[in-house]
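Asks: Pasted the sequence and its predicted model underneath.
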Amino acid sequence: MQRLSVPLVLTLLSGTLIVASQAGLIDLYIQSVIMFIGINIILSSSLNIVNGYMGEFACGHAAFMAIGAYVASILNVWLFTKDKFFGLPLLPPEMAIYCFPLVLAAGGVVAALAGMLVAIPSFKTRGDYLAIITIAANFIVTSTIINMSAIGGARGFMGMKKIVFAMEDVADLPWMLIWVILGTVFSVWLIRRYVSSTYGKGIIAIHQDEIAAEIMGVNTNRMKLTAFMISSGLAGLAGGLFAHILGYINPGSFGILKSTECLVMVYLGGMGSLSGSVISAILFTLLLEGLRFVIPWIDTALHWLNVIPDAYEISQVWKWVIIPLILVLLMQFRPEGIMGNKELSDIFPRLRKWYRFK
C-alpha cells in the first residue's frame with residue numbers, strides 16, 4: 001500500500017483538477033496557470049539533470065524547447081489540419097487525440113538529437129566554455145527559425161488550436177490540461193528513476209570529480225551524452241505542450257530570457273534536488289502571475305509622476321529586470337537554493353515510509 005501511495009495521491013489530485021475544470025469550478029485562467037506550472041516543472045527538473053546533478057553550466061535550455069515546440073506543431077498541422085502551405089491533412093482530424101502523444105514524443109526525440117550535438121563539445125569543455133556553447137546554440141536555433149519563412153519565420157507559426165478543438169470534438173474534456181498533467185508526472189518519474197540508476201550515480205560522480213570518476217571506470221562521455229539527451233528531450237516535450245496551450249509560437253518566445261527563467265528555477269529550488277525543482281517551478285510561476293497584476297499599477301504610478309513618458313514601453317522591460325534580479329539575489333544570499341541538494345524525504349523523515357528517493 002505504501003508503494004502505491006504516491007500514484008494514488010497523484011491520480012486523485014489529477015482527477016480532481018480535471019473534474020473541477022469540466023464542471024466549471026476552475027476557469028480558463030486558473031487552468032492556464034496550472035498548465036504553465038506543469039511546463040515549468042518539466043523545464044526546471046530537466047535542466048537540473050545537467051546543471052544540478054552533473055554540475056555543468058548549460059544556459060541555452062530554451063533552444064531545445066523551441067525545437068520540440070516547432071517539430072510537434074508542424075507535424076500536427078501537417079497531419080491533421082488543412083493549411084495553406086501543407087495543403088490537405090494526411091489523416092482525419094479525429095485521429096489527433098490518439099496520435100498526440102506520438103507527435104509530442106517525436107518533438108522530444110528531435111530535441112534530444114539536438115542535445116546530442118551540444119553534448120559532443122561538452123566532452124572537453126566545462127564551466128564558462130560550455131555556457132558559451134549552449135548560449136550560441138540558443139541563438140543558432142532561434143535565428144534559423146526566424147529565417148525559415150515556410151514555418152512563419154519571425155511572424156510565428158499557428159494552427160495548433162485546431163488540433164485541440166479536434167480532440168475536444170471527439171470527447172469534450174480539457175485535453176491540454178490532461179496532457180500537461182501526464183507529461184509532468186512522466187517527466188518527474190523519469191528523472192527520479194534516472195538519477196537513482198547507475199547512470200545517475202555516474203553523473204553525480206562526474207559532478208564530484210570527473211578525473212576520479214574516469215579512473216574508477218566511469219564512461220564520462222557516455223554519461224554526459226545520456227544526461228544531455230534526456231534533459232533536452234524533456235525540454236522538447238515541454239515545448240510541444242507549450243505550443244499547443246497557446247496555439248501560436250514565434251522564435252521570440254524561446255530567446256535567452258526563457259533560458260534565464262529555467263536557470264532561475266533550477267537555482268531557486270536547489271542544485272541536484274528534484275523536489276526543489278518542483279517547488280521552485282510552482283513558486284516562480286505564481287510569482288510571475290502575481291507580477292502580471294502588480295506591474296500595471298507600478299507603470300501607472302510612474303506615468304502619473306511623469307517619471308516615464310510611456311507606461312506601456314516600460315511594462316515590457318519589467319520582466320527583463322525582475323527575473324535576472326532574482327538570479328542575482330539568489331547567488332548573493334541563498335546560493336544553495338530552497339532545498340540545497342536535499343529532497344523532501346531528507347527534511348521530513350516521516351515521509352520516507354510513503355515516499356523514498358533511492
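Replies: Alright, I've got the coordinates. Numbering: from 1, shown residues only.

Asks: For the protein, which residue occupies the most central location?
Replies: L43 (2.3 Å; C-alpha atoms, centre = their mean).

Asks: Return the alpha-carbon coordinates of the helix or strand containing that residue using PDB.
Replies: Element membership for L43, per DSSP states H and E: helix 28-48. Taking Å, rounded to 0.1, in the frame of the first residue of the first chain, the C-alpha atoms of helix 28-48 are listed here in PDB:
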ATOM      1  CA  LEU A  28      -9.700  29.000 -18.100                       C
ATOM      2  CA  TYR A  29      -7.200  31.400 -16.400                       C
ATOM      3  CA  ILE A  30      -6.700  29.100 -13.400                       C
ATOM      4  CA  GLN A  31      -6.300  26.200 -15.900                       C
ATOM      5  CA  SER A  32      -3.700  28.000 -17.800                       C
ATOM      6  CA  VAL A  33      -1.700  28.800 -14.700                       C
ATOM      7  CA  ILE A  34      -1.800  25.100 -13.700                       C
ATOM      8  CA  MET A  35      -0.600  24.100 -17.100                       C
ATOM      9  CA  PHE A  36       2.200  26.700 -17.100                       C
ATOM     10  CA  ILE A  37       3.200  25.300 -13.700                       C
ATOM     11  CA  GLY A  38       3.500  21.900 -15.200                       C
ATOM     12  CA  ILE A  39       5.500  23.200 -18.200                       C
ATOM     13  CA  ASN A  40       7.900  24.900 -15.800                       C
ATOM     14  CA  ILE A  41       8.300  21.800 -13.600                       C
ATOM     15  CA  ILE A  42       9.400  19.900 -16.700                       C
ATOM     16  CA  LEU A  43      11.800  22.600 -17.700                       C
ATOM     17  CA  SER A  44      13.400  23.100 -14.300                       C
ATOM     18  CA  SER A  45      13.700  19.500 -13.400                       C
ATOM     19  CA  SER A  46      15.100  18.600 -16.800                       C
ATOM     20  CA  LEU A  47      17.700  21.400 -16.700                       C
ATOM     21  CA  ASN A  48      18.600  20.200 -13.200                       C
END
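
Asks: Mind checking what helix or strand follows the helix-or-strand element of the chain with minimal mean pLDDT in sequence?
Replies: Between all helices and strands in the chain, the lowest mean by mean pLDDT, DSSP states H and E belongs to helix 311-333, at a mean of 69. Following helix 311-333 in sequence order, the next helix or strand is helix 344-347 (DSSP H and E).

Asks: follow-up on the earlier one: so which elements touch whichever helix or strand comes after the helix holding L43?
Replies: Sequence order places helix 61-80 as the next helix or strand after helix 28-48, per DSSP H and E. With contacts defined as 3 or more C-beta pairs under 8 Å, 6 or more residues apart in numbering; DSSP states H and E, helix 61-80 has these neighbours: helix 28-48, helix 96-122, helix 128-146, strand 157-158, helix 160-170, helix 220-246, strand 248-249, helix 256-269. Quick note: C-beta positions are derived from backbone N, CA and C, even for glycine.

Asks: Just say which of the ones you listed is most tucked in.
Replies: helix 220-246 (a mean of 25; mean count of other C-beta atoms under 10 Å).

Asks: where does the stretch 251-358 of the chain dip in pLDDT?
Replies: 293-319, 351-358 (pLDDT under 70).

Asks: Which pLDDT does the model give the nearest residue to K162 once chain neighbours are set aside?
Replies: Sequence neighbours aside, T81 is the residue nearest to K162 in space, at 4.6 Å (criterion: C-beta to C-beta, 6 or more residues apart in numbering). pLDDT recorded at T81 is 84.

Asks: ok, back up a step: tell me the mean pLDDT for the helix holding L43?
Replies: Computed over helix 28-48, the average pLDDT equals 93.

Asks: How far does it sit from its chain's centre?
Replies: Relative to its parent chain, helix 28-48 has a centroid offset of 7 Å by C-alpha atoms, centre = their mean, to the nearest Å.

Asks: Packing partners of that helix?
Replies: By 3+ C-beta pairs under 8 Å, 6+ apart, helix 28-48 packs against helix 61-80, helix 175-195, helix 220-246, helix 256-269, helix 274-304.

Asks: Would you mind measuring from F64 to V110?
Replies: 9 Å (C-beta to C-beta, to the nearest Å).

Asks: any common contacting residues for the two?
Replies: Here F64 and V110 have G236 as joint contacts, going by C-beta atoms under 8 Å, 6 or more residues apart in numbering.

Asks: Over to T81: give its phi and psi.
Replies: phi -130, psi 160 (degrees, to the nearest 10).

Asks: and it, how many neighbours does it have?
Replies: 19 (other C-beta atoms under 10 Å).

Asks: try F123
Replies: Counted with other C-beta under 10 Å, the neighbours of F123 add up to 11.

Asks: Next up, the contacts around it.
Replies: Counting by C-beta under 8 Å, 6+ apart, F123 has contacts 220-221, 224.

Asks: want to throw the helices and strands packed on helix 61-80 into CSV with distance to I326?
Replies: Shown next, in CSV, are the helices and strands packed on helix 61-80 (distance: least, C-beta to C-beta, whole Å):
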stretch, distance to I326
helix 28-48, 13
helix 96-122, 26
helix 128-146, 19
strand 157-158, 30
helix 160-170, 30
helix 220-246, 20
strand 248-249, 25
helix 256-269, 5
